[in-house]
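> Take a look and give me a structure for this.
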Amino acid sequence: PYTTPIMASTPSPTSDPTLAPVSDSPTLAPTTILPALNLPNYTLQTISQDQYSPQAKAYFWFEKSYSLVNLEDMEQWCKHQLFGLATLFYALEGSTWDGKDRQNWLKDDLSECEWATYKTAIACDNLDRVVFISLMDFEKDAFYGTIPPEIELLPSLRSIQIDNAGYTEALGNVLPTEIGNLQHLKQVRFAQNRLGGTLLILDNSLAYLTQIATLDLQNNVLSGTLTTELGLLTSLTSLYLNGNQFWGTIPTESGLLTGLETFWLYDNNLSGVVPDTLCELTLEDSGLTMLWVELRQVECPANDCICY
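As a prediction, this is how the structure comes out:
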């Protein structure tokens, strides 16, 4: 089950002139406040090379919204958090979202912890650091873009969800390598989109997420064989890979996921036998209580395994 923070209701969008600017045509030169932001070198390079990049758009928003005096009084983590969220907004084509989904985003008279509206959600801890981001049910608006490397500027992030959003990218494009730097990230959900490509744990930097407990990629169009790299995600308790186009056998390395409680694999094109190493996790003294495979295609050993 999903655990989503309860967000306060927000008013319907209006034509109020105080709505945050989301122009895709920056006209200012990125010089004045740039040093005060102390951004990563790859971000500075992108801004200098492409003024229409999500990073440049985030910078121009920053320059319009905050003076150098404001920034001198702002803690570094807060600057990075604002820039990371602004870059995420532009990278995911936020200016094209429905009005009520973006009406609070980038409003400089609101804390970023209050930007959440309608189908978007942001939650912060008691120190105002972002710990949860969710974009859900955008299916009518076809979701575009990718998560930018600046996601690492949100180091307290514990959960990111993009569900039922019509996302059409390849998984390898969606997850930047910098996501591996989010050492507090425990939940990654990209369910019910149209994510394609293969599941390469190392290439997607998922292997570096030492605390990740939930990986939900169900009901996409992922294909290929299930990588042996699955065994690297030793903190997983819930793994949902059902409803894709995976083929081949279940890797024996999946038995290394000794903390698994739920593992859904049904509605794929898998074959063969559930490996003994995984079956052992379903026995009485282990915690895997829901191993769901397609029994018409995958054989479950009669006496040594509990699967559905």
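> For the nearest residue to residue 187 once chain neighbours are set aside, give its distance to residue 186.
Excluding the flanking residues, the one nearest residue 187 by C-beta to C-beta, 6 or more residues apart in numbering is residue 159, at 3.9 Å. (C-beta placed from N, C-alpha, C; glycine too.) Noted for residue 159: a distance of 6 Å to residue 186, by C-beta to C-beta, to the nearest Å.
> Please list all residues in contact with the nearest residue to residue 249 once chain neighbours are set aside.
In space, and not counting its chain neighbours, residue 249 is closest to residue 272: 3.6 Å by C-beta to C-beta, 6+ apart. When the contact criterion is C-beta atoms under 8 Å, 6 or more residues apart in numbering, the partners of residue 272 are 248-250, 298-299.
> Out of the residues you listed, which is nearest to residue 215?
Checking the contacts of residue 272 against residue 215 by C-beta to C-beta gives residue 250 as the nearest, at 15.7 Å.
> Quick one, grab the pLDDT at the closest one.
Per-residue pLDDT puts residue 250 at 94.
> tell me the SS of it?
coil (DSSP: H, G, I helix; E, B strand; the rest coil).
> which residues touch it?
Contacts of residue 250 (C-beta under 8 Å, 6+ apart): 226, 265, 270, 272, 274-275, 278, 293, 298.
> In helices, which of the residues you listed fall?
Secondary structure from DSSP state H places residue 278 of the contacts of residue 250 in helices.
> Quick one: buried ones out of the contacts of residue 250?
Listed as buried from these are 226, 265, 270, 274-275, 278, 293, 298; burial here means 16 or more other C-beta atoms under 10 Å.
> and the residues you listed, which of them are in strands?
Under the assignment DSSP state E, the buried ones among the contacts of residue 250 contribute 270, 298 to strands.
> Can you lay out the buried ones among the contacts of residue 250 as a markdown table showing distance to residue 84?
Putting the buried ones among the contacts of residue 250 into a markdown table (distance: C-beta to C-beta, whole Å) gives the following:
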| residue | distance to residue 84 |
| --- | --- |
| 226 | 32 |
| 265 | 34 |
| 270 | 38 |
| 274 | 41 |
| 275 | 40 |
| 278 | 38 |
| 293 | 39 |
| 298 | 41 |
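> got a list of contacts for the lengthiest strand in the chain?
Counting by DSSP E, the longest strand found in the chain is strand 130-136. With contact meaning C-beta under 8 Å, 6+ apart, strand 130-136 is reached by 4-5, 81, 85, 88, 92, 112-113, 119-125, 143, 154, 156-165, 184.
> could you say what helices and strands the next helix or strand after it packs with?
Next in sequence after strand 130-136, counting helices and strands by DSSP states H and E, comes strand 159-163. Where contact means 3 or more C-beta pairs under 8 Å, 6 or more residues apart in numbering; DSSP states H and E, strand 159-163 is packed against strand 130-136, strand 187-189.
> Measure how far strand 159-163 is from the centre of its chain, please.
Relative to its chain's centre, strand 159-163 lies at 5 Å (C-alpha atoms, centre = their mean, to the nearest Å).
> which other residues reach that strand?
Contacts for strand 159-163 (C-beta under 8 Å, 6+ apart): 2, 4, 131-137, 143, 147, 151, 185-193.
> And for residue 73, the neighbour number?
7 (other C-beta atoms under 10 Å).
> The residue nearest to residue 187 pairs with what?
Note on residue 159: beta-bridge partners by DSSP bridges are residue 132, residue 187.
> Distance check, it against residue 215.
In this view, residue 159 and residue 215 are 12 Å apart by C-beta to C-beta.
> and if you look at residue 164?
Distance, residue 164 to residue 215, using C-beta to C-beta: 17 Å.
> Right, I'll call it a day here.
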